[in-house]
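[1] I would like the atomic coordinates for the input below:
(one chain, ligands or ions: 2)
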Amino acid sequence: PISEYSATSTGHSTGNTTSNGDDNTLLRAAMVALVRNSELDGIRATIRQVDDRFNREFGYPYILLNDVDFTDEFMDKVQAITKAKIYFGKLPESHWGLSPYVTEEKVKAALAHNKDRYLYGGSYSYRLMCRYQSGFIHKHPLLANLDYYWRIEPGVDYYCSLTYDPFRYMRDNNLVYGYTIAPTEKELTVETLWNTTRRWMIENPEHLPEKSFIHWTINEKSKYTMCHFWSNFEIVDLSFYRSAAYESYFQHLDRAGGFFYERWGDAPVHSIAASMLLRKEQIHWFEDIGYHHPGYAHCPNKPELHRNCICDKGQNFMYHGMCNRRFAEVGNINKDQALELAHL
Ligand code: GDP
Ligand code: MN
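    Ligands and ions are numbered 1, 2, ... in the order given. Next comes the predicted model:
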């Protein structure tokens with residue numbers, strides 16, 4: 001199943017991009033954000049930084065998605081900030097809404113119960129967003145011809161100039177998932193996520209690869225470490241999210257109801273999937289991409305990296321974080337061992 005995650009180039013692309021050969025043409029890739037009209041300033045600031053740090057040189061398109069129509073003002077002002085091609089898209093209605101497997105009554109009760117337990121505990125729209133980013137964003141028609149996406153968000157900071165194309169780096173090194181920051185998740189938001197996941201593993205062993213990096217997220221006592229890749233930044237080979245294994249896993253999670261009854265985020269979902277279905281060598285820490293999203297920042301501290309960055313080397317969460325250390329220390333385990341963890 002692993003070879004099916006490597007990028008292939010069939011069909012034609014969104015924008016004037018091609019992926020053939022080793023010349024300087026763009027890959028079939030884009031910067032993609034789900035964004036609200038109210039976040040106009042934030043997305044302009046993000047695009048300006050992405051252009052400054054990387055994309056003005058390369059010219060990858062931006063794809064902005066919204067559950068409602070973008071206003072004319074929004075589209076005008078975003079287009080005014082960049083020379084790159086921007087695609088504005090609305091979500092298909094069937095991709096944004098209550099899961100068919102949950103009941104409104106139970107969801108209402110869950111929101112009331114969780115309201116004061118954690119951030120967004122009582123928010124319905126936040127749950128729609130997490131479910132969308134977990135199971136649907138890669139199915140948006142504007143992404144249909146892309147091999148890779150780089151997820152961006154309004155109001156984040158990109159600290160470092162890049163001298164190379166990360167999409168090409170992913171392709172040339174057979175990478176499937178790239179991240180910058182890996183914190184721990186709030187346990188109350190994912191109380192049954194691992195137990196739900198292990199049931200899927202036991203019921204669908206044919207989808208499990210011969211070797212995986214699952215030990216990063218699941219410790220030797222079969223407890224979820226809460227480690228996840230912070231998915232507000234992620235560069236991903238989309239054939240991974242489009243794979244039969246990922247889709248089966250998402251459907252299983254959706255049926256269990258935790259996107260609504262709890263507050264499963266797309267970050268832990270993507271991360272458990274990546275560690276369970278990929279090998280360590282397919283996952284890459286972009287240490288050189290200094291990044292800030294409210295909550296955490298990563299500023300590269302190695303002199304040869306920091307010289308390309310404008311950031312405080314004291315913002316070095318990743319050099320102390322438990323999950324980063326675990327990423328370095330843990331290796332792949334084979335399928336039998338992964339299933340043993342699932343059974344524990
Ligand atoms: P946080 O990073 O977990 O605090 O969540 P955010 O509020 O940043 O939301 C994550 C991403 O989804 C951001 O890019 C938001 O712009 C986007 N987003 C969140 N909720 C909605 C929504 O209801 N509609 C749209 N169109 N975008 C949303
Ligand atoms: Mn955010």
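
[2] how near is Phe88 to Asn145?
    From Phe88 across to Asn145, the span is 17 Å (CB to CB, to the nearest Å). C-beta here means a position set from N, CA and C on the backbone, and glycine is covered the same way.

[3] hmm, I was thinking of Phe213
    29 Å.

[4] give me the more crowded residue out of these two.
    Per other CB atoms under 10 Å, whichever of Phe213 and Asn145 has more neighbours is Phe213, with 24 against 16.

[5] what about Pro183, neighbour count?
    19.

[6] cool, and Ser275?
    Ser275 has 27 neighbours, counted by other CB under 10 Å.

[7] try Tyr296
    Neighbour tally, Tyr296, other CB under 10 Å: 17.

[8] how much space between it and Gln251?
    Counting by CB to CB, the gap from Tyr296 to Gln251 is 31 Å.

[9] now do the same for Gly21: its pLDDT.
    pLDDT for Gly21: 50.

[10] my error: substitute Glu247 in the last question.
    With respect to pLDDT, Glu247 has a value of 98.

[11] assign it to helix, strand or coil.
    What DSSP: H, G, I helix; E, B strand; the rest coil gives for Glu247 is helix.

[12] neighbours of it, just the number please.
    The number of residues packed near Glu247 is 15, by other CB under 10 Å.

[13] helices along the stretch 151-300 of the chain, start to end?
    With DSSP state H, counting those that start in this stretch as the criterion, the stretch 151-300 of the chain has helices at 166-172, 193-203, 244-256, 258-261, 266-277.

[14] which residues sit in contact with Glu262?
    By CB atoms under 8 Å, 6 or more residues apart in numbering, Glu262 lies in contact with 110, 114, 188-193.

[15] what does the stretch 101-250 of the chain put close to ligand 1?
    Residues of the stretch 101-250 of the chain lying close to ligand 1 by CB under 6 Å from any ligand atom are 125, 129, 153-154, 232.

[16] at 8 Å instead, please
    Neighbours of ligand 1 within the stretch 101-250 of the chain, by CB under 8 Å from any ligand atom: 119-120, 125-126, 128-129, 133, 152-155, 232.

[17] least confident secondary structure element in this structure?
    The weakest-scoring helix or strand in the chain, judged by mean pLDDT, DSSP states H and E, is helix 317-320 (a mean of 90).

[18] so for that one, what gets flagged as buried?
    Neighbour-count burial for helix 317-320, counted by 16 or more other CB atoms under 10 Å, picks out 317-318.

[19] which secondary structure elements does that helix sit against?
    On a contact count with 3 or more CB pairs under 8 Å, 6 or more residues apart in numbering; DSSP states H and E, helix 317-320 meets strand 296-298.

[20] so after the strand it packs on, what's the next helix or strand?
    helix 303-306 (DSSP states H and E).

[21] and the residue positioned nearest the centre of the chain, backbone torsions?
    The residue lying closest to the centre of the chain (CA atoms, centre = their mean) is Ser231, at 3.6 Å. Dihedral angles of Ser231 (phi, psi; degrees, to the nearest 10) stand at phi -80, psi 0.

[22] can you lay out the helices of the stretch 151-300 of the chain as TSV showing distance to Lys313?
    Formatted as TSV, the helices of the stretch 151-300 of the chain follow (distance: least, CB to CB, whole Å):
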stretch	distance to Lys313
helix 166-172	22
helix 193-203	34
helix 244-256	37
helix 258-261	38
helix 266-277	25
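
[23] what about the closest residue to Ile333 other than its chain neighbours, how many residues nearby?
    Distances taken as CB to CB, 6 or more residues apart in numbering place His215 nearest to Ile333, at 5.1 Å, with adjacent residues excluded. By other CB under 10 Å, the residues close to His215 number 20.

[24] would you mind naming what in this protein lies close to ligand 2?
    153, 232 (CB under 5 Å from the ion).

[25] that older thread, so the residue nearest to Ile333 sits right up against Asn334, yeah?
    No - the criterion here is CB atoms under 8 Å, and His215 misses it with Asn334 at 10.6 Å.

[26] quick one, what contacts Leu98?
    104, 107, 128, 260.

[27] got a winner among those for most neighbours?
    Tallying neighbours with other CB under 10 Å puts Phe260 at the head of those, with 24 neighbours.

[28] does that residue really touch Lys108, like I thought?
    No - contact criterion CB under 8 Å: Phe260 and Lys108 do not qualify, at 9.8 Å.
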